[in-house]
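J.: sequence-free structure coming up:
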């Protein structure tokens, strides 16, 4: 609802058409999930769908999060198209020509950015566990459906209305006016600020140690308990230590599992025996809190190590895949800049996630991989404009070209991130437990990705390019 309202307010009639496309996208989503689930079932993977044929994926909490996320991402293509149409109309083109040019010029950006996210989704399915697979299926189906409705569906509407004389102009709000900011001159300040944030937050992560990881990764048992009266974490820790439970993870977190969303207590212990003892201590020493067991999850240490390994492999494969794809579509220096920006986003997301004292789980890995796939979108929007501007400048590529391209795409960069953040904020406000953790990591990642596409990826691409260009001569 928030995304739909924004599109109508900002783009007016064009936004209304985008909302209709969004509704059609949601109608197509179940069919897309069946087809995508069947396709992924053929390629298999660890814990794949098996050989039972096409199945309707089970809609888990991460799957629901994937649907909410695709709502935000579905309008990204429309934002790119509408901003391109605005530019073409500003150049004085007639309305029909502006529509045609807007769609044509936005296509390569939409295609490249969505394909990188699809690459991440495939790796998520291949390497992930059950809930993560559900998220990958939902995300893939949503992206494919949104590309169709945005590129084909909305254009059919505009072409019909323009061709029959029902529409001869589009009026749009413009919050971000034309800018001429020297972003490259600020790259050193931005780089130092990023290093400070990364170093400080990772220092917190190192200090927390194993407390950063949930039972998915460390093995053991996690107890989720409801309560009436909140007890201090230090008091709980002291009581459990008195019973011999010295290595216990204690964390209050929001939950959507109770009738009303509130806080629950999450305890991470070594195993079932320690879990039973912990419940006994809480019942005897914190009677006023009235702790009540809601859920218990037990993971063996071998499974935990395997999840860590598969998570790292998934992230590594995503980075390698993006390097190859961006090198093919652009050139190697662009791939280096993009991956540097992605590593920046990952480190900031991981660091700040630990600062907020959240624990990593398989759902968090899904969020980090989504950050990889989505945050590269903003970078590709900028890189695509750099490529286009270079063609108009006889192949020249310098700080001036980068500044011109970043300024030209600034409104699109901010608006595409805003539409996604609107959906993520809804997850933060109304989600609980794993959904909240997923949304928090994604929120940090999208903000970091918007920042890095301007101040990190392009400057590094420009700095690396001369070295890359000289490399063959040195052989």
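T.: Sure thing, it's come through. The shown structure was predicted, so the numbers you read here are calculated from the model rather than taken from an experiment. Numbering: from 1, shown residues only.
J.: Give me the domain ranges for this protein.
T.: By the record's domain assignment, the chain is partitioned as 2-163, 184-211+303-474, 220-299 (automatic domain parsing).
J.: I'd like to know which of the ones you listed is closest to residue 173.
T.: domain 2-163 (4.8 Å; CB to CB). For glycine as for every other residue, the C-beta is placed from the backbone atoms N, C-alpha and C.
J.: who's sitting farthest from the centroid in the chain?
T.: residue 284 (43.4 Å; CA atoms, centre = their mean).
J.: Include mean pLDDT and distance to residue 175 when you put the domains of the chain into CSV, please.
T.: As requested, the domains of the chain are arranged in CSV below (pLDDT from 0 to 100; distance: least, CB to CB, whole Å):
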stretch, mean pLDDT, distance to residue 175
domain 2-163, 80, 8
domain 184-211+303-474, 84, 8
domain 220-299, 80, 32
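J.: Rebuild those as CSV, extending it with distance to residue 170.
T.: Below are these laid out as CSV (distance: least, CB to CB, whole Å):
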stretch, distance to residue 170
domain 2-163, 5
domain 184-211+303-474, 15
domain 220-299, 40
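J.: Is the residue farthest from the centre of the chain within a helix or a strand, and which one?
T.: helix 272-285 (DSSP states H and E).
J.: following that helix, which helix or strand comes up?
T.: That would be, after helix 272-285 and using DSSP H and E, strand 292-299.
J.: packing partners for the next helix or strand after that next one?
T.: Per DSSP H and E, the first helix or strand lying C-terminal to strand 292-299 is helix 301-329. Packing partners of helix 301-329 (3 or more CB pairs under 8 Å, 6 or more residues apart in numbering; DSSP states H and E): helix 95-127, helix 215-218, helix 332-355, helix 362-392.
J.: Number of residues surrounding residue 241?
T.: By the criterion of other CB atoms under 10 Å, residue 241 has 13 neighbours.
J.: begin at 25 from here
T.: Noted, 25 is the first residue going forward, which turns the last one into residue 265.
J.: Can you tell me the element it falls in?
T.: helix 257-266.
J.: contact partners of that helix?
T.: For helix 257-266, the surrounding residues in contact (CB atoms under 8 Å, 6 or more residues apart in numbering) are 270, 272, 274-276, 289, 302, 305-306, 309-310.
J.: In which helix or strand does residue 50 reside?
T.: Element membership for residue 50, per DSSP H and E: helix 37-67.
J.: now that helix and helix 119-151, what's the angle there?
T.: Comparing the axes of helix 37-67 and helix 119-151 via axes from the mean of the first three to the mean of the last three CA atoms, to 10 degrees yields an angle of 30 degrees.
J.: what about residue 248, which SS state?
T.: When classified by DSSP: H, G, I helix; E, B strand; the rest coil, residue 248 comes out as strand.
J.: distance of it from residue 319?
T.: 4 Å (CB to CB, to the nearest Å).
J.: who's more crowded, those two?
T.: residue 248 (18 against 14).
J.: isn't the more buried one right next to residue 290, touching?
T.: Yes: under the criterion of CB atoms under 8 Å, residue 248 makes contact with residue 290 at 5.5 Å.
J.: which residue ranges form the helices in the stretch 75-224 of the chain?
T.: For the stretch 75-224 of the chain, helices defined by DSSP state H, counting those that start in this stretch occupy the ranges 85-98, 100-114, 119-151, 154-172, 178-187, 211-232.
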